[in-house]
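>>> Pasted the sequence and its predicted model underneath.
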Amino acid sequence: MMTGTEQLKRLLETMGYEDVSGFSEYRKILVLAAIAAVLFVTAVVAVVMGKYGFTVMDVYRTIFVHLTFGDTSAIDKLNNTIIWDIRVPRILLTIFVGGALAVAGAVFQGVFKNPLVEPYILGVSSGAAFGAALGIVYPAIFISIQLSAFVFGGLAVAVAYLLARVRGETPIVTLILAGVIVGSIFAALVSLLKYLSTDAALREIVFWMMGGFYYATWKDVQVIAPVVTIGFIILWAFGWKLNILSMGDDEARTLGVNPERYKFIVIGIATAVTAFAVSLVGIVAWVGLMMPHASRILLGPDNRYVIPASFMMGGIYLVICDTLARTLTNAEIPVGIIASILGAPYLCYLLRNKGRVIFG
Amino acid sequence: MLQVRDIHYTYAGYPVLSGVSFSVYEGELCGLFGPNGCGKTTLFKCCLRFLTPDRGSVHMGGDDVSQKKVEELAKTVSYVPQEHKPPFPYLVREVVLMGRTPHLGGFFGVKRRDKEMALDALDRLGISNIADWPYNQLSGGQRQLVLIARAIAQDTPLMFLDEPTSTLDFHNQMKIWEIMRGITEEGKTILACSHDPNHVAWFCDRVIVISNAGIVADGHPRDVITDEVLDRIYKDTCSVRSDNGVRMVMPRCITEKTIAGRPSHCRRLPEDSIGEKRHDPDGDEHYGI
């Protein structure tokens, strides 16, 4: 009979996390566990916060009944709607969106060998904004705003990638430039649509671009959860390859990692995950830039740890931002604004205090 | 082990390599020697498939390199670049562990044995003391040692080193050449380029001298590092002296001063350790071109 700890040890061994003198794998796994605990606590606290003054007991009883498939008719109708149909899916959606953006950020930073890259570098946000604006201005042609945003977000990155591909190679500098070009074209197209749109549509476009979780439903969670979970697991499994890619193309070749193939795979998955998140909630800045950094400070640059840590920390950060967004004032503040206001000072702190360690 | 046949490479309209052919045999420490800009690094990159030559072929262990997958190639040959600085502060032990990548499988694949081999490689180079330093904050010389450790951890039958001692102090230069000798005595093959004629003369089994015109000489250092060859590539800057059987390449500006009767400080240089330890290869006849 194996005990629990032995089983866990065996599992870590097969995953390559075995502790050998000085590699401090177990310490890092403890840090990951601690982050997971913080994420759980954040979500549990956030679900109690809100304009409606439910007692803590009310909230947890409602959730408990649902989780145990109990008799929901015993709960107050209003309680049930606000807590189970609005708050819980909203917090789950927030965690998945934050996680998706942060993981994509970590991946893009690794592939681009640049710690200042965010997941929107290849134009996915501008493309998605254009798609969303099309959906808003021409609802008859583009039936779903979300679908249109997703398609155009993906399209923008595909165009940037094709533009950058010269003789079977996609050099990073060219790729970044192509991303800038494609991004500015789509930004111009968004401006054009804003110019053409009615006042109501203009207002909607502007709000969409600031990002928010106002209309979160269980349906959104059902859409994003499997996609982000699968994407996350694949990217996590590529963690070591990503370490190698972040050393440079020639280094990767020397070490037997085909840079072109793996760049294509991980950029593709990270883009899909980002486009999904953006199409559901609009453009949320900073999470994808900051959370990978925060993870590296805690765990070092090894992507086998940075990717899971980024996922959870992205979730934590966005849950905090969104809880502030919906509780600070009577009206709701778009979450993108809160994320930026909290994020900028943090990056400033990073640059001044840890700049040399992180940015080399 | 390595056969290079008639490699041509043109960069932006300028021919860098035109018709370079040579072979390196198993267990040899082969030096590649030549002036700046003669295409040594380009030649390495063509062999490693970072660049695709316009013409010619490269075979390693009998297999055509152009037919091999990147993953397979990395099990055959490791490469130590001249200079490399990544943006992320990976620890030295992690960078060396990356050398194990071609041998990994599974989810992340890093096994106890891989970590131990990485630590052994650090030990072998005597840099275990910097194992927990961020690699991108080390000095150029330390980074070079780490990359050599990484190549050792990669454990390939063939190793390419691009000026492995260019940024090292004198002590470390000798240590690296001794380590390279040790590696070839284990049966592995090394091709290393260097700018120091003395190093290739003292440590290599064979030297290939290359210039813009192609291969100038190929053979035992005794036959290759000569006044005639050095004059051709360096335009009368040095001459070869012999001191107690140890051959030394010295700059003419210094040797002429010695002739003029000045006390020579050069004569007191390494007659003791380095030359005597030199592995003395035999059967050099078949190496000539």
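On my side now, so go ahead.
>>> going forward, measure contacts between C-alpha atoms and count neighbours the same way
OK.
>>> Show me how far the host helix or strand of B:Thr184 is from its chain's centre.
Taking DSSP states H and E as the criterion, B:Thr184 maps to helix B:170-185. What separates the centre of helix B:170-185 from the centre of its chain is 11 Å, taken as C-alpha atoms, centre = their mean, to the nearest Å.
>>> Go through stretch A:167-174 and flag the buried ones.
A:170, A:172, A:174 (16 or more other C-alpha atoms under 10 Å in any protein chain shown).
>>> Could you do stretch A:202-216 as well?
Residues of stretch A:202-216 classed as buried by neighbour count (16+ other C-alpha under 10 Å): A:202, A:204-205, A:207-213, A:216.
>>> B:Tyr79 versus the residue of the stretch 151-289 of chain B found nearest chain A, what's the distance?
Among all residues of the stretch 151-289 of chain B, B:Gln154 sits closest to chain A, at 8.0 Å; criterion: C-alpha to the nearest C-alpha. Counting by C-alpha to C-alpha, to the nearest Å, the gap from B:Gln154 to B:Tyr79 is 9 Å.
>>> now do B:Phe22
19 Å.
>>> Pick out whichever of these two has more residues nearby.
Shown here are B:Phe22 and B:Tyr79; by other C-alpha atoms under 10 Å in any protein chain shown, B:Tyr79 has more neighbours (28 against 15).
>>> So for A:Ala277, what's the nearest residue that isn't a sequence neighbour?
Nearest residue to A:Ala277, sequence neighbours excluded (C-alpha to C-alpha, 6 or more residues apart in numbering or on different chains): A:Val97, at 5.2 Å.
>>> Report the separation between that neighbour and chain B.
Using C-alpha to the nearest C-alpha, to the nearest Å, A:Val97 is found at 25 Å from chain B.
>>> B:Met248: which element?
In this assignment (DSSP H and E), B:Met248 forms part of strand B:246-251.
>>> Show me where chain B has its strands.
For chain B, applying DSSP state E gives strands covering B:2-11, B:14-24, B:29-33, B:55-60, B:63-64, B:77-80, B:158-162, B:189-194, B:206-211, B:214-219, B:238-243, B:246-251.
>>> Could I get the contacting residues of the residue of the stretch 151-289 of chain B closest to chain A?
Contact partners of B:Gln154, counting by C-alpha atoms under 8 Å, 6 or more residues apart in numbering or on different chains, are B:75, B:78, B:99-102.
>>> Buried by neighbour count: which residues of the helix holding B:Thr184 qualify?
Neighbour counts over helix B:170-185 (16+ other C-alpha under 10 Å) mark B:172-178, B:180-181, B:183-184 as buried.
>>> pLDDT weak spots in the chain?
Just going to use chain A. Along chain A, the model assigns pLDDT under 70 to residues A:1-2, A:14, A:16, A:18-22, A:354-360.
>>> actually chain B
B:106-108, B:258-289.
>>> Narrow the contacts of B:Gln154 to just the buried residues.
Buried residues within the contacts of B:Gln154, counting neighbours by 16+ other C-alpha under 10 Å: B:75, B:78, B:99-102.
>>> And these, which is closest to A:Leu147?
B:Thr101 (39.6 Å; C-alpha to C-alpha).
>>> Adding distance to A:Arg165 as columns, could you present the buried ones among the contacts of B:Gln154 in a markdown table?
Shown next, in a markdown table, are the buried ones among the contacts of B:Gln154 (distance: C-alpha to C-alpha, whole Å):
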| residue | distance to A:Arg165 |
| --- | --- |
| B:Lys75 | 28 |
| B:Ser78 | 27 |
| B:Gly99 | 28 |
| B:Arg100 | 30 |
| B:Thr101 | 27 |
| B:Pro102 | 26 |
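>>> Most proximal residue of chain A with respect to chain B?
Closest approach between chain A and chain B, counting by C-alpha to the nearest C-alpha: A:Gly256, at 4.1 Å.
>>> Give me the spatial nearest neighbour of that residue, chain neighbours excluded.
The shortest distance from A:Gly256 to any non-neighbouring residue, by C-alpha to C-alpha, 6+ apart, is to B:Glu71 (4.1 Å).
>>> So that neighbour sits against B:Pro102, correct?
Yes. Contact criterion C-alpha atoms under 8 Å: B:Glu71 and B:Pro102 qualify, at 6.2 Å.
>>> shared neighbours, these two?
Common neighbours of B:Glu71 and B:Pro102, counting by C-alpha under 8 Å, 6+ apart, are A:255-257.
>>> mind giving me the domain split of chain B?
When chain B is parsed into structural domains using automatic domain parsing, the resulting residue ranges are B:2-61+B:157-287, B:88-154.
>>> most tightly surrounded among these?
Highest mean neighbour count of those: domain B:88-154, a mean of 21 (counted as mean count of other C-alpha atoms under 10 Å in any protein chain shown).
>>> quick one: stretch A:222-238 near chain B?
Yes. Against chain B, stretch A:222-238 shows contacts by C-alpha under 8 Å from any C-alpha of the partner chain at A:237-238.
>>> Please spell out which residues along that stretch are buried.
Those would be A:224-225, A:227-228, A:231-232, A:234-238, for stretch A:222-238 by 16+ other C-alpha under 10 Å.
>>> can you redo the residues you listed as a markdown table with distance to B:Ala121 and secondary structure?
A markdown table is the format used below for the buried residues of stretch A:222-238 (distance: C-alpha to C-alpha, whole Å; DSSP: H, G, I helix; E, B strand; the rest coil):
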| residue | distance to B:Ala121 | secondary structure |
| --- | --- | --- |
| A:Ile224 | 45 | helix |
| A:Ala225 | 44 | helix |
| A:Val227 | 42 | helix |
| A:Val228 | 39 | helix |
| A:Gly231 | 36 | helix |
| A:Phe232 | 34 | helix |
| A:Ile234 | 31 | helix |
| A:Leu235 | 30 | helix |
| A:Trp236 | 28 | helix |
| A:Ala237 | 26 | helix |
| A:Phe238 | 25 | coil |
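>>> Nearest to A:Ala309 among those?
Nearest to A:Ala309 among these is A:Trp236, at 10.3 Å by C-alpha to C-alpha.
>>> what sits against that closest one?
A:303-304, A:307-308.
>>> one more time with 10 Å, if that's ok
By C-alpha atoms under 10 Å, 6 or more residues apart in numbering or on different chains, A:Trp236 lies in contact with A:103, A:107, A:230, A:242, A:303-308, B:107-108.
>>> what residues does the stretch 51-200 of chain A put near chain B?
Contacts of the stretch 51-200 of chain A with chain B, taken as C-alpha under 10 Å from any C-alpha of the partner chain, map to A:109-110, A:112-115.
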